[in-house]
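In: pasted the sequence and its predicted model underneath.
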Amino acid sequence: FFLLTMRTGLLFAAAAMALTGQSVAAFQPVPSASASGAIRSSAKAINPWPAAAFATPLSSATSSDDAGSDGQLDAGSDGQLDVGALGKYALAAGIQMSLFGGIFKLADIGLASAGMTPSSLPFAAIAFVFYACALKSRAFNPLNNKRPDRSKAVEGKGSDGFRDRVMPSWTPPGVIFPIMWLLIIGPIRAYSSAMVVTATGTFFNPAIMAFIFHLTCGDIWNTINNTEKRYGMSVVGILLGVVPSAAFAASQYYAVEPLAGKLLGGTLLWLCTASALITDTWRLNPNENGKREPLYPAKGEAKTEFAWFGSN
């Protein structure tokens, strides 16, 4: 299983190289997105591309490498699929999954050499490890996937990913978000993961790696939604990535320890609410022509940056 996970990571990387036609050294980031909190308002002309693929109207004129220094569009996009962005998302996913898999496997080997298993560790210690993973998994992802500023959210102020765009009238108060992630979702993920590790006696197992895949989807989605502000792609990312991966992880947990699966599955209530919020936000933030953003990354819409490889 370890070899399968590492090979999967390498396949992600190989696919990314094939998509972008670049070496890893060529992935140079641009300065991070503007923290001004201003709502994007770029002029975009609309073209259908291709007619059978998406019903969403598409945009006009530059490649993603021509985006402005704030990571946003300078003069519009031509509606062409940003294959380079998809390649970087895939590469980032492969790196993150491989790093987590390698660390967990080494932990199992280290404990075994000491005549121990993860099951012999204090339950609270295991839960703490996964609480840290739930909150800081992005440390293993090379993309710029910063979260909204919690202090600003509590005060109801705008930050990247929250109130820096037109939000639905039913958006929960800012204070709700840190409460949910820090005091409810995080502890549930930590407790259920500790149950699985204790039951299996390993850190590196299919159920835990399914959970890590869910975290990876969430980290990449944060890049798309918060940093790049690709409103259309963020809808697809949460509906086809974040939510299904959470359901899959919950099913894997249930197969090991039913209560753990039920607990992790409970987080889907919040994720589905977030999905509705993101979809409504996309609806409320059309471009200057009154058309909705495409449901895929379009060239010129934003620039995908790798935060690990220096800056321009």
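Out: Looks like it arrived, so ask away.
In: for residue 137, list the residues it contacts.
Out: Neighbouring residues of residue 137 by Cβ atoms under 8 Å, 6 or more residues apart in numbering: 96, 100, 212, 215, 216, 218, 219. Using the backbone N, CA and C atoms, a C-beta is placed for each residue, glycine as well.
In: pLDDT score for it?
Out: Per-residue confidence (pLDDT) for residue 137: 94.
In: the one 5 residues further on too?
Out: Taken from the predicted model, the pLDDT recorded for residue 142 is 93.
In: point me to the helix or strand that includes the closest residue to it other than its chain neighbours.
Out: Spatial nearest neighbour of residue 142, excluding adjacent residues (Cβ to Cβ, 6 or more residues apart in numbering): residue 308 at 4.0 Å. Using DSSP states H and E, residue 308 sits in no helix or strand.
In: which strands and helices sit next to the longest helix seen in the chain?
Out: Identified as the longest helix of the chain according to DSSP state H is helix 83-113. Where contact means 3 or more Cβ pairs under 8 Å, 6 or more residues apart in numbering; DSSP states H and E, helix 83-113 is packed against helix 2-20, helix 206-222.
In: my read is that residue 249 contacts residue 206, right?
Out: No. Residue 249 is beyond contact range of residue 206, at 10.1 Å (criterion: Cβ atoms under 8 Å).
In: so who does the closest residue to residue 221 other than its chain neighbours touch?
Out: Counting by Cβ to Cβ, 6+ apart, residue 237 is the residue found nearest to residue 221 once chain neighbours are left out, at 4.3 Å. Applying Cβ under 8 Å, 6+ apart to residue 237 gives the contacts 217, 220, 221, 224, 225.
In: tell me who's in contact with the first one.
Out: Residue 217 makes contact with 93, 237, 241, 242, 245, according to Cβ under 8 Å, 6+ apart.
In: pretty sure the fourth one is touching residue 271, no?
Out: Yes. Distance between residue 242 and residue 271: 6.2 Å, which falls inside the contact criterion (Cβ under 8 Å).
In: circling back to that earlier point, what is the nearest of the contacts of residue 237 to residue 79?
Out: Proximity to residue 79 was ranked across the contacts of residue 237 by Cβ to Cβ; first place goes to residue 224, at 17.4 Å.
In: surely the closest one is within a helix?
Out: Yes. Under DSSP: H, G, I helix; E, B strand; the rest coil, residue 224 falls within a helix.
In: what about the strands in the protein?
Out: Read by DSSP state E, the chain holds no strands at all.
In: can you give me the helices in it?
Out: Using DSSP H, helices in the chain cover 2-20, 83-113, 123-136, 150-154, 176-178, 186-200, 206-222, 231-237, 243-256, 258-266, 268-284.
In: buried residues in the last one?
Out: Going by neighbour count (16 or more other Cβ atoms under 10 Å), the buried part of helix 268-284 is 270, 271, 274, 275, 277, 278, 279, 280, 281, 282.
In: grab the nearest non-local neighbour of residue 203.
Out: Nearest to residue 203 is residue 104, by Cβ to Cβ, 6+ apart, at 3.9 Å.
In: same check on residue 167?
Out: Closest to residue 167 by Cβ to Cβ, 6+ apart is residue 281, at 6.1 Å.
In: do I have it right that that neighbour meets residue 231?
Out: Yes. Residue 281 is within contact range of residue 231, at 6.6 Å (criterion: Cβ under 8 Å).
In: intersection of neighbour lists for these two?
Out: In contact with both residue 281 and residue 231: residue 165, using Cβ under 8 Å, 6+ apart.
In: averaged pLDDT, stretch 252-264. What do you get?
Out: Here the average pLDDT along stretch 252-264 is 98.
In: could I get the CA-only coordinates of that stretch as CSV?
Out: Extracted in CSV, the C-alpha atoms of stretch 252-264 (Å, rounded to 0.1, in the frame of the first residue of the first chain):
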residue,chain,number,x,y,z
GLN,A,252,-13.4,4.1,5.0
TYR,A,253,-13.5,5.1,8.7
TYR,A,254,-16.8,3.3,9.1
ALA,A,255,-15.3,0.1,7.7
VAL,A,256,-12.7,0.2,10.4
GLU,A,257,-14.6,1.7,13.3
PRO,A,258,-18.3,2.5,12.7
LEU,A,259,-18.5,5.2,15.3
ALA,A,260,-15.5,7.0,13.7
GLY,A,261,-17.2,6.8,10.4
LYS,A,262,-20.4,8.3,11.8
LEU,A,263,-18.5,11.1,13.5
LEU,A,264,-16.5,12.1,10.4
